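Visitor: What would the 3D arrangement of this be:
(one chain, ligands or ions: 1)
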Amino acid sequence: MPTNNIPVSAIVRKRVAHRASYICEYCLAQDEGSFIGFEVDHIISRKHNGSNEDSNLAYSCPDCNRNKGTDLASIDWNTRDIVRFFNPRTDIWAEHFRLSEGFIEPITVIGKVTVDIFRFNDKIRLPDRGIF
Ligand SMILES: [Zn+2]
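Guide: Modelled structure (predicted):
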């Protein structure tokens, strides 16, 4: 099966950003005032032949997008199960995470692997959420 190498159009990028209210759909960082432009993430990466359909796109800060890369899942080392990442199109953020004094805490296994791999709570990212 060929890899999807078709770029996401500017119109679609704008629509995805607007749908997300210009907030990273993973870590909730706000695009406003960001020095580095936010990106449109393929939830199922193009490497895995994910489409350019709106249902496969998420608005993402550069940190989340870079840390996720082309990955789709990680490993829960307690059970050794492969666990998919949080999907902003089909999951509800508050069912997998909660904010606690600026830290994003997982409340499900999906939340746990997403927090770990996306590195939501790296020290360098905390000032974006009001933690210094
Ligand atoms: Zn993010």
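Visitor: pLDDT value on the residue nearest to residue 51 when sequence neighbours are not counted, please?
Guide: Distances taken as CB to CB, 6 or more residues apart in numbering place residue 4 nearest to residue 51, at 6.3 Å, with adjacent residues excluded. In short, each C-beta sits where N, CA and C put it, glycine included. Looking at residue 4, its pLDDT stands at 74.
Visitor: May I have the phi/psi pair for residue 93?
Guide: phi -50, psi -50 (degrees, to the nearest 10).
Visitor: ok, it - contacts?
Guide: Counting by CB atoms under 8 Å, 6 or more residues apart in numbering, residue 93 touches 25, 28, 86.
Visitor: With secondary structure and distance to residue 79 added, can I get those residues in JSON lines?
Guide: Below are the contacts of residue 93 laid out as JSON lines (DSSP: H, G, I helix; E, B strand; the rest coil; distance: CB to CB, whole Å):
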{"residue": "25", "secondary structure": "coil", "distance to residue 79": "27"}
{"residue": "28", "secondary structure": "coil", "distance to residue 79": "28"}
{"residue": "86", "secondary structure": "coil", "distance to residue 79": "18"}
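Visitor: Residue 60: which of these is nearest?
Guide: Within these, the smallest distance to residue 60 is 6.6 Å, found for residue 25 (CB to CB).
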